[in-house]
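got a predicted structure plus its sequence, pasted below:
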Amino acid sequence: MEESLCRIKNLAHASVASLEMKMQQYDRWSENFESDVSNLDYRAPKICVDHLYRVIESKGLQFTEETEIIDLAAGTGLVGKFLRDKQFIGTIDAQDGSSGMLDVAKTKNIYSNFYECILKPDAILPLPVNHYDVAILSGALSDSQVHPTCLKDILRHIEVGGIFVFSTRSNRNNLDFKKKLEIEIEKLEHDGCWEKLLVNDVKEFERATSPEEVIQAADKQQITEEYPFISGSVYCYRKLN
């Protein structure tokens, strides 16, 4: 557990000079990534997939063989795995900036197409435009990873009426980022780019790497676990234009 926490702090949460350097770190991490995030009870991929299905079922919709999903910042393919666990039979493509992570994802035989590129503001991604029925960005929205302004760039690759599901952590160290994210979300809604389908706060999102990350409740209840859970939020939006 201690080794996993050390890698997560140094590779996932630490700031770096550039996103290219971050991707080099993820290349080195790819071999241990899934065991490390399992130790952390990392739930973002499953939470995003579960909320996608909640929205689909609430709207009386169904996925078919023709449905196409892009898994953004796909890593080693955890979102793809949970989609297949839900008996999803359509096409899933994967995008990530780390070749090492994508190499692991390729071994799962889940994805059809792989796009090695970095999600950063104003980047022209080599993805088909106005194409995907669903985009999922499960765990990369945080400082030193995917910037909030990337949301609008990602919308270019979702067809009108398509669904975008994404999430972020609500731990103490991510609060400033989350405020910026929600400002961008509101701006896109105000500009008529998308409409809200579902936003949900999840109490047990993943375990903290230290008790200091946890925002205590108003009653100042003492944290008794060595690695308590932090909360997070998941967002589901429909593209309008």
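That came through fine.

mind listing what the spatially most central residue of the chain touches?
Centrality entry for the chain: nearest residue to the mean C-alpha point is residue 138, 1.7 Å, by CA atoms, centre = their mean. Under the criterion of CB atoms under 8 Å, 6 or more residues apart in numbering, the neighbours of residue 138 are 44, 45, 47, 48, 49, 71, 73, 78, 79, 165, 166, 167. The way it works is simple: take the backbone N, C-alpha and C, and place the C-beta from them, glycine included.

do the same with residue 232
So, once contact is read as CB under 8 Å, 6+ apart, residue 232 ends up touching 44, 47, 167, 168, 169, 170, 201, 202, 205, 206.

show the buried residues in those.
In these, burial by neighbour count holds for 44, 47, 167, 168, 169, 170, 202, 205, 206, counting by 16 or more other CB atoms under 10 Å.

in helices only, show me those residues.
Members of the buried ones among the contacts of residue 232 lying in helices (criterion: DSSP state H): 44, 47.

closest one to residue 100 out of the buried ones among the contacts of residue 232, please.
Using CB to CB, residue 44 is the member of the buried ones among the contacts of residue 232 that lies nearest residue 100, at 19.7 Å.

gap between the closest one and residue 22?
When CB to CB, to the nearest Å is the yardstick, residue 44 and residue 22 sit 17 Å from each other.

what do you get for residue 147?
Taking CB to CB as the measure, residue 147 falls 12 Å from residue 22.

heading C-terminal from the lowest-mean-pLDDT helix or strand in the chain, find the next helix or strand.
Least confident helix or strand of the chain, by mean pLDDT, DSSP states H and E, is helix 2-7 with a mean of 72. Toward the C-terminal end, the helix or strand that comes next after helix 2-7 (DSSP states H and E) is helix 19-29.

just the CA coordinates for that next one, please, in CSV.
Coordinates of each C-alpha in helix 19-29 appear next as CSV, following Å, rounded to 0.1, in the frame of the first residue of the first chain:
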residue,chain,number,x,y,z
LEU,A,19,2.0,17.6,-20.0
GLU,A,20,4.6,15.8,-22.1
MET,A,21,6.6,15.2,-18.9
LYS,A,22,3.5,14.0,-17.2
MET,A,23,2.9,11.5,-20.0
GLN,A,24,6.5,10.2,-19.6
GLN,A,25,5.7,9.6,-16.0
TYR,A,26,2.6,7.7,-16.9
ASP,A,27,4.7,5.6,-19.4
ARG,A,28,6.8,4.5,-16.4
TRP,A,29,3.8,4.0,-14.3
